[in-house]
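[1] Can you look at this prediction? I've put the sequence above it.
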Amino acid sequence: MRKKKLVVLTGAGISAESGLKTFRDSDGLWEGYDINEVATATAWRRNPALVQSFYNMRRKDVKNAEPNAAHFALSSLEKDFEVHIITQNIDDLHERAGSSSVLHLHGEIGKMRSEKNESLIYPVDGDIQMGDRAEDGAQLRPHIVWFEEPVPMMETAIQVVSEADLFVIVGTSLVVYPAAGLVNFVQPYVHKFIVDKKIPALPGIPNLIVIEKQATEGMQELVNLLRKLI
């Protein structure tokens with residue numbers, strides 16, 4: 001029997017319980033930095049050394065973090081469903097928890113790329129230094145989609161979402177676009193679930209079940225609900 005296709009959109013809330021902070025928790029500051037100074041294309045053009053240093057620190061944070069119960073709950077669902085995770089997060093905690101299909105909308109902190117050619121992508125474990133060059137001679141930068149930049153994986157994500165038999169949102173309050181708009185591409189008849197500690201009013205989304213809890217606690221409740229739909 002074909003497994004149902006379960007598509008999951010995850011955001012910062014799922015990684016927060018692993019100790020990875022998000023700028024949305026603290027009035028626009030991310031680890032004490034204004035996001036306009038470290039997370040925009042303009043910031044990179046203005047002060048690339050600062051941006052490089054900031055993401056080198058974030059890379060260390062991710063290496064020191066561990067997947068939590070919510071990450072492991074999602075990977076365990078692969079026993080019963082064809083699970084596709086679409087994440088707004090730049091960490092690799094889903095992969096380290098055992099999830100086999102993860103699409104990163106906003107890039108990956110464990111990769112770097114040419115600042116001129118976004119298709120020249122390389123793995124990176126330590127720091128990226130100013131003066132480190134890609135094979136085209138351009139400066140290497142974090143493989144991150146910053147504010148003011150297009151989201152190249154968006155079309156792929158839309159296709160995956162449109163084919164979902166079940167759709168789940170975990171750890172995101174649906175305020176970061178274009179990712180937040182993915183729910184609009186889910187078929188109206190599909191069961192939808194959202195797990196987050198603070199959920200805004202979401203009018204106009206049919207067949208939606210709301211679990212207003214943090215990710216680790218809410219995922220346990222969600223797993224029980226999903227297993228009834230196998």
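    Right, received. Where do you want to start?

[2] Would you check that Leu208 makes contact with Phe193?
    Yes - Leu208 is in contact with Phe193 according to Cβ atoms under 8 Å; the separation is 7.5 Å. All C-beta atoms are positioned from the backbone trio N, CA, C, and that covers glycine.

[3] These two - which one has more neighbours?
    Using other Cβ atoms under 10 Å as the criterion, Leu208 and Phe193 rank with Phe193 on top: 21 against 17.

[4] Can you pull the phi/psi pair for the more buried one?
    Backbone torsions of Phe193, given as degrees, to the nearest 10, read phi -130, psi 140.

[5] so what pLDDT did it get?
    Predicted confidence (pLDDT) for Phe193: 95.

[6] residues contacting it?
    With contact taken as Cβ atoms under 8 Å, 6 or more residues apart in numbering, Phe193 is in contact with 166-169, 208-211, 222, 225-226.

[7] what's the answer for Asn184, then?
    By Cβ under 8 Å, 6+ apart, Asn184 lies in contact with nothing.

[8] so for the lengthiest helix in the chain, what's the average pLDDT?
    The longest helix of the chain (DSSP state H) is helix 48-64. Here helix 48-64 scores 97 as its mean pLDDT.

[9] One more: stretch 148-158?
    95.

[10] One more: stretch 88-104?
    The predicted model assigns stretch 88-104 a mean pLDDT of 97.

[11] rewinding a little: residues making contact with the next helix-or-strand element following the longest helix of the chain?
    Next in sequence after helix 48-64, counting helices and strands by DSSP states H and E, comes helix 69-76. Helix 69-76 is contacted from outside by 8, 10, 14, 17-18, 83, 85, 93-94, 96-100, 170-171, 215-216, 218-220, 222-223, using Cβ under 8 Å, 6+ apart.

[12] List buried residues within those.
    8, 10, 14, 17-18, 83, 85, 93-94, 96-97, 99, 170-171, 215-216, 218-219, 222 (16 or more other Cβ atoms under 10 Å).

[13] Show only the entries of the contacts of helix 69-76 found in helices.
    Reading helices off those with DSSP H, I get 14, 93-94, 96, 215-216, 218-220, 222-223.

[14] For those residues, please prepare JSON lines with the additional fields distance to Ala65.
    As requested, the ones in helices among the contacts of helix 69-76 are exported to JSON lines (distance: Cβ to Cβ, whole Å):
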{"residue": "Ile14", "distance to Ala65": "12"}
{"residue": "Leu93", "distance to Ala65": "7"}
{"residue": "His94", "distance to Ala65": "12"}
{"residue": "Arg96", "distance to Ala65": "9"}
{"residue": "Ala215", "distance to Ala65": "14"}
{"residue": "Thr216", "distance to Ala65": "14"}
{"residue": "Gly218", "distance to Ala65": "20"}
{"residue": "Met219", "distance to Ala65": "17"}
{"residue": "Gln220", "distance to Ala65": "21"}
{"residue": "Leu222", "distance to Ala65": "22"}
{"residue": "Val223", "distance to Ala65": "22"}
